[in-house]
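**Student:** Here is my input, please return the structure:
(one chain, ligands or ions: 1)
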Amino acid sequence: MESIVALPDVGDPLGFENGPYSPSVTSRSPRRSHQFAVRSVQPTADPRKAPLPLPTTVVAILAVTILSLPAPAKAWVQVGGVIEGTLVLDLGAAKKTAPRYAGASPMIRTMQPVPAVVYLTGSGLDARLIVATVDMDQQGGLFVPAALGVQTGTVVRFPNADPFFHNVYSYAGNGRFDLGRFPEGESREVTFDEPGIVRVFCEIHEFMRAVILVTENPFHGVVAADGTFRIGGVPPGEYILTAFHPDLGSLEEQVAVTDRQTVRLRLVLGG
Ligand SMILES: [Cu+2]
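**Tutor:** Just a heads-up that it's a prediction; the model follows:
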C-alpha cells in the first residue's frame, strides 16, 4: 500500500503547535551547590499519576520474547503493525529566515538544519512509556540533536558543551520558557507535560534552532537524513499520521494499520 501526497504548507491545521503546553523548568549547575526550580505557571494534571496501561512497547517486547521461545500450542499475542515511509522535503519552498544580528557571531550564520518529525494521533494509542530524561546538547553552536520526539512527562536537559554562553528558550503556545544564560559545563532542564511542537532557540545565537515533539503516545519519530521513518508496534486501527518540519509546516495522512502488517507511505512536504 502506497500513497503519494503533495500538499502545500498547511501550517498547523490542528492547532497542535499552539496547543496547551505548560512545561516546568528547573535549573541545575554541577559547579554550584545551590539549585533552584521554576515551577509550571499553569499546573496541569500529572499524567504520571494516572493509572498506567500496559505499554504497547512492552507488549511488543513480550510478544517477541514469547514468540522466540518454543511456542506453547496456539499461543497468540498481538504485536501491532508497522508504518514505514519516506518523507520528501521540498526545502525550496522553505521560508527564508534572516539572522537578527547578521555577522554578530564568529560561528555559522545560516539557520541550523532541523529534521522533520512524524507522529500518530487517534484513539487507541494511549500507551505510555516510562518517563525518561533525554539530552539536547549545545555543541559547536548547534543543538544536538536538532530534533527530539518525546512523550509527555519527559525531562529534556540542555547541557552546554561550548566554551561560551547559550540561552535556550521557546515561545511555544502558552508554555514559553527561558533558561537564561549559562556557561560551559552547566545544564538546565525542562519537563514537557503537555503535547505540542516546541520550537527551541538560543537567544544569543540566532541561527541555533531545534524542535521537540511532545506526544501523549510513543508512536512518533524523527525522520532520518535519508528521509525514511518507521513507527512500529502500532495497535491495529485508523490513525492520522502528521509530518512536521519547521520551515514547511505540516501535512496529514490517514493510515490504516493492520496487525503484523507494514504500511508503506511516500509523502512530500512543501512544494
Ligand atoms: Cu547559543
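
**Student:** Would you mind listing the residues in contact with Q139?
**Tutor:** If you count contacts by Cβ atoms under 8 Å, 6 or more residues apart in numbering, Q139 has them with 161-162. Just so you know, the C-beta spots here come from the backbone N, C-alpha and C atoms, and that holds for glycine as well.

**Student:** Please report how far it lies from A225.
**Tutor:** Using Cβ to Cβ, to the nearest Å, we find Q139 at a distance of 18 Å from A225.

**Student:** Same question for V144.
**Tutor:** 14 Å.

**Student:** Same drill for those two, tell me which one is more crowded.
**Tutor:** More crowded of V144 and A225, by other Cβ atoms under 10 Å: V144, with 14 against 8.

**Student:** Ignoring the adjacent residues along the chain, who's closest to the more buried one?
**Tutor:** In this structure, V144 finds its nearest non-sequential neighbour in D137, 4.5 Å apart by Cβ to Cβ, 6 or more residues apart in numbering.

**Student:** swap in L125?
**Tutor:** Excluding its sequence neighbours, the residue lying closest to L125 (Cβ to Cβ, 6+ apart) is N217, at 4.1 Å.

**Student:** quick one, phi psi at that neighbour?
**Tutor:** For N217, the backbone dihedrals (degrees, to the nearest 10) come out as phi -140, psi 170.

**Student:** neighbours around it, how many?
**Tutor:** N217 has 23 neighbouring residues, counting by other Cβ under 10 Å.

**Student:** That one and G227, how far apart?
**Tutor:** Distance, N217 to G227, by Cβ to Cβ: 23 Å.

**Student:** swap in E253?
**Tutor:** According to Cβ to Cβ, E253 and G227 sit 15 Å apart.

**Student:** No further questions, thank you.
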